[in-house]
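Novice: sequence and predicted structure below; questions after.
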Amino acid sequence: GAGVSQSPRYKVAKRGQDVALRCDPISGHVSLFWYQQALGQGPEFLTYFQNEAQLDKSGLPSDRFFAERPEGSVSTLKIQRTQQEDSAVYLCASSRLASEQYFGPGTRLTVT
Amino acid sequence: DQQVKQNSPSLSVQEGRISILNCDYTNSMFDYFLWYKKYPAEGPTFLISISSIKDKNEDGRFTVFLNKSAKHLSLHIVPSQPGDSAVYFCAASALDDYKLSFGAGTTVTVRA
């Protein structure tokens, strides 16, 4: 299918390790979003790209979180020096401008 | 602070009957509302949306009602089917702000 894909689907990291999570959006979608979903909660906004420009990063919880989308397509969310509170499902979504967002299956990150 | 609230964590309904899911919001700048459905180990899937200029939107078995004065919306599913068993998230966005604010979700179980 031509949906949003994310990799890896599952990631276990030891506390202090760096991780990189990848998102492949739907082809042609200008907008790309990252959300963090804790257990039993709804997704919470992290950051937003329009093409390669990061227009909003107000939801990133700390400077250990960094996202990029250098060519306006694939995006990577990087978390440095992971902590246990970073354990969550990280969801990527893409959309045309001002349209509904389509979500990927998420990456479940467990920090031990 | 939680700007979108789903106060019922779960709902059980008999097959063929109506499911009614409720959602309240606090941010008066929200002008676009969506419902997403989520199966385990998958990302949320867009279900139906409504703009603040309307008070009702219908798509097949799904109808969303919006009461702006009460800052309340609801999703009606009729008739409920076993495949409707999932977690349903209410989400909202403000004008010119593409990020979504989500509720915590309601788990719907449709009994045969």
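Specialist: Happy to help now that I have it.

Novice: how far away is the residue nearest to B:Leu21 when sequence neighbours are not counted from chain A?
Specialist: In space, and not counting its chain neighbours, B:Leu21 is closest to B:Leu75: 4.4 Å by Cβ to Cβ, 6 or more residues apart in numbering or on different chains. C-beta here means a position set from N, CA and C on the backbone, and glycine is covered the same way. For B:Leu75, the distance to chain A (Cβ to the nearest Cβ, to the nearest Å) stands at 15 Å.

Novice: how about B:Leu75, what does it touch?
Specialist: B:Ser19, B:Ile20, B:Leu21, B:Cys23, B:Trp35, B:Leu47, B:Ile48, B:Phe62, B:Thr63, B:Val64, B:Tyr88, B:Cys90 (Cβ atoms under 8 Å, 6 or more residues apart in numbering or on different chains).

Novice: sketch out the low-pLDDT regions of chain A for me.
Specialist: A:1 (pLDDT under 70).

Novice: enumerate the residues of chain B near chain A.
Specialist: Where chain B comes near chain A, counting by Cβ under 8 Å from any Cβ of the partner chain, the residues are B:4, B:6, B:34, B:36, B:41-46, B:49, B:89, B:91, B:98-105.

Novice: just the buried ones from those residues, in ChimeraX syntax?
Specialist: Per 16 or more other Cβ atoms under 10 Å in any protein chain shown, the buried members of those correspond to this ChimeraX selection:
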select /B:4,6,34,36,43,44,46,49,89,91,98,99,100,101,102,103,104,105
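
Novice: and the residue nearest in space to the middle of chain A, what does it touch?
Specialist: Of all residues in chain A, the one closest to the mean position by Cα atoms, centre = their mean is A:Trp34, 3.6 Å from it. Shown in contact with A:Trp34 (Cβ under 8 Å, 6+ apart): A:Cys23, A:Phe45, A:Leu46, A:Thr47, A:Tyr48, A:Ala67, A:Ser75, A:Leu77, A:Tyr90, A:Leu91, A:Cys92.

Novice: ok, now with 6 Å
Specialist: A:Leu46, A:Thr47, A:Ala67, A:Leu77, A:Cys92 (Cβ atoms under 6 Å, 6 or more residues apart in numbering or on different chains).
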